Structure formats: C-alpha cells, structure tokens
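>>> Pasting the sequence and the predicted coordinates here, then a few questions.
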Amino acid sequence: MNKSYRKPATALLLVAIATTVLWTTGASLAQRGEGRRPPRPGGGEKPEIEDTLRLNVYADNWFSLYINGELVAVDSIRFMPHNVISVDVFPKYPMTLAVIAKDNADAKTGMEYNNTQIGDGGFILKLADGTVTGPHWKAKSVSYGPIDRDTRDPRVVHEELPENWFAIDFDDSLWQAAKAYDEQTVRPKRPFYQYDFEGAKFIWADDLELDNTVLFRLTVDSPPDGSQPKRFPILESN
Ligand SMILES: [Ca+2]
Ligand SMILES: [Ca+2]
C-alpha cells in the first residue's frame, strides 16, 4: 500500500475513534442525567426530556385525549387495526385528563362492518406517574345504539358533546362513574401486550357494546406514585 492510500484510511480511522468516544461519553452522561444544560444565571432550569412522562393509550377503536384543556394525543388509526399510542407528556399538577373514545359504529345504525354486527368498545391508559384508568374516572355516553339491540330496525340516540367538556374547570359531577371491564371481556389485540399497562383497568360506560361514543375525565392532584413533581419557575410566568 502506498502513502496516498494510507492517509485517507488513517483519517477515517481517527474520525471513527473520535465519533465512538463522543457517542460513548454522550450516552453515559445521558444515563446519569448529567447531560442537562446548566441553568442560565437568573433564568432558572429549563425542562429536559427526562422531565417528561411516558403515556400509553389503547382504545377499541379510537380516541383523542386532552390534558389540562390542550389536545395532546390522537389515535392515528381511525378504527382498524387496534394500536397503542405512546407519547411523552410534560406533566403539570393538578392534571385534568379528558378523553373522547369511540367504538367503530355507524352514526345512523350503531352497527359496524356495513351494518352486519354490533361491535364492542374499551379504553385503557397508563401514565408513568402511576395514573391509570379505573372506576375512579368519570364517564358519559353520548352515542348509544342500536336501541334494544334491534339490528333489523336499528335506531340510535346521540347527544351533543357538552360545551368545553375537555376544559379544566368543566363540571363533571353529574357524570356517572366509569365502569371497569376485564381484559378477557375486552380482548385487546396484540399491540396492547407490547406496552406497559400494569395496574390499569379497561373502562367504558355501562354497555360495552351499545355505548358507542364515551367521554371520560379525571383530575389528578399529584403523582399517584408519590413522586415529587419538579417545578420550573421559568415556565410559571407564561
Ligand atoms: Ca358498539
Ligand atoms: Ca370495536
């Protein structure tokens, strides 16, 4: 090998070594949480990705979710196949979660698959601070049918969504308690088992089959796992 070939090879090797050293250092700093930017004088610490919580949501068949009045997650697949939405959430307590969940149901008949059958619903959620779905959530069914399970002459009941149903200060005191359902009853599909839902219960309104659109709400005063939420004064002036 002559000199002109050796030089680029040596340079490449040096770049590779330097990249590995930088990557290793960065990874170990991130692992120890030492990669945070130092706070600016007088500015306070800014939140970093380690300050977020992982939120896992599974709906049969579709949902959208608001936290403290803001839209945070939407199921990216309208009905089939069933999927899990997993996003990072920046928590702020007290934290109001509000969900609209829909079973796959024709608006006029309450049935699915070209009106050939009655489908069932189901909703489950877990946030990394220990917030989980269960009968302590509030629920309200706003679409129901087919009435009397009459599939020959299917009729449905729809209610307008209450104004600001997802807002922090919405009064849900007259809503019913969510009803919890066994995993065996909801029969979640494969993606459910690939994410952490430990401790969470499937919820819906009173009828897993005939309630087709259900609203849910919960306000969490502080992290259920007892962790101390970090404060960021830099964000509190906004
Ligand atoms: Ca249904
Ligand atoms: Ca369904």
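Okay, I see it. Ligands and ions are numbered 1, 2, ... in the order given.
>>> Domains in this protein, by residue range?
1-35, 49-220 (automatic domain parsing).
>>> is it fair to say Leu55 lies in a strand?
Yes: with DSSP: H, G, I helix; E, B strand; the rest coil as the criterion, Leu55 is part of a strand.
>>> Close to ligand 2: what parts of this structure are there?
For the chain, the contact set with ligand 2 under C-beta under 5 Å from the ion comprises 60-61, 103-104, 119. From N, CA and C alone the C-beta is placed, and that goes for glycine too.
>>> and if we set it to 8 Å?
Within the chain, the positions near ligand 2 by C-beta under 8 Å from the ion are 60-61, 79, 103-105, 112, 119-122.
>>> Columns pLDDT and neighbour count on top of those, output as JSON lines?
As requested, those are exported to JSON lines (pLDDT from 0 to 100; neighbours: other C-beta atoms under 10 Å):
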{"residue": "Asp60", "pLDDT": "96", "neighbour count": "26"}
{"residue": "Asn61", "pLDDT": "96", "neighbour count": "24"}
{"residue": "Phe79", "pLDDT": "88", "neighbour count": "16"}
{"residue": "Asp103", "pLDDT": "96", "neighbour count": "26"}
{"residue": "Asn104", "pLDDT": "95", "neighbour count": "18"}
{"residue": "Ala105", "pLDDT": "93", "neighbour count": "27"}
{"residue": "Glu112", "pLDDT": "93", "neighbour count": "19"}
{"residue": "Gly119", "pLDDT": "95", "neighbour count": "18"}
{"residue": "Asp120", "pLDDT": "96", "neighbour count": "21"}
{"residue": "Gly121", "pLDDT": "97", "neighbour count": "28"}
{"residue": "Gly122", "pLDDT": "98", "neighbour count": "23"}
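>>> Pull the distance from stretch 148-156 to the chain's centre.
33 Å (C-alpha atoms, centre = their mean, to the nearest Å).
>>> the strands in this structure, which residues?
Read by DSSP state E, the chain holds these strands, from start to end of the chain: 53-59, 62-67, 70-74, 84-89, 95-102, 123-127, 138-144, 157-158, 176-177, 179-181, 202-204, 211-220.
>>> coming back round to it: tell me the most buried of the domains of the chain?
Between those, the one whose residues have the most neighbours on average, counting mean count of other C-beta atoms under 10 Å, is domain 49-220 (a mean of 17).
>>> Tell me which residue is most central in the chain.
The centroid of the chain falls nearest to Val57 when counting by C-alpha atoms, centre = their mean (4.1 Å).
>>> bridging residues for that residue?
For Val57, the residues forming beta bridges with it (DSSP bridges) are Ile85, Leu125.
>>> Let the chain start at 11 from now.
Fine by me, first position is 11 from now on; the one you just mentioned is Val67.
>>> for Asp61, what are its contacts?
With contact taken as C-beta atoms under 8 Å, 6 or more residues apart in numbering, Asp61 is in contact with 100, 240, 242.
>>> Same question for Gly131.
Contacts for Gly131 (C-beta under 8 Å, 6+ apart) come out as 69-71, 111-113, 214, 218-219, 221-222, 224.
>>> Now the chain against ligand 2: closest residue?
Gly129 (3.8 Å; C-beta to the ion).
>>> My understanding was that that residue contacts Thr119; is that so?
No: taking C-beta atoms under 8 Å as the contact criterion, Gly129 and Thr119 are not neighbours in contact, 11.3 Å apart.
>>> pLDDT at the residue lying closest to Pro239 once chain neighbours are set aside, what is it?
Nearest-residue entry for Pro239: Tyr103, 5.4 Å, with adjacent residues in sequence omitted and distances by C-beta to C-beta, 6 or more residues apart in numbering. Predicted confidence (pLDDT) for Tyr103: 96.
>>> Can you tell me how far Tyr103 is from Val97?
Using C-beta to C-beta, to the nearest Å, Tyr103 is found at 18 Å from Val97.
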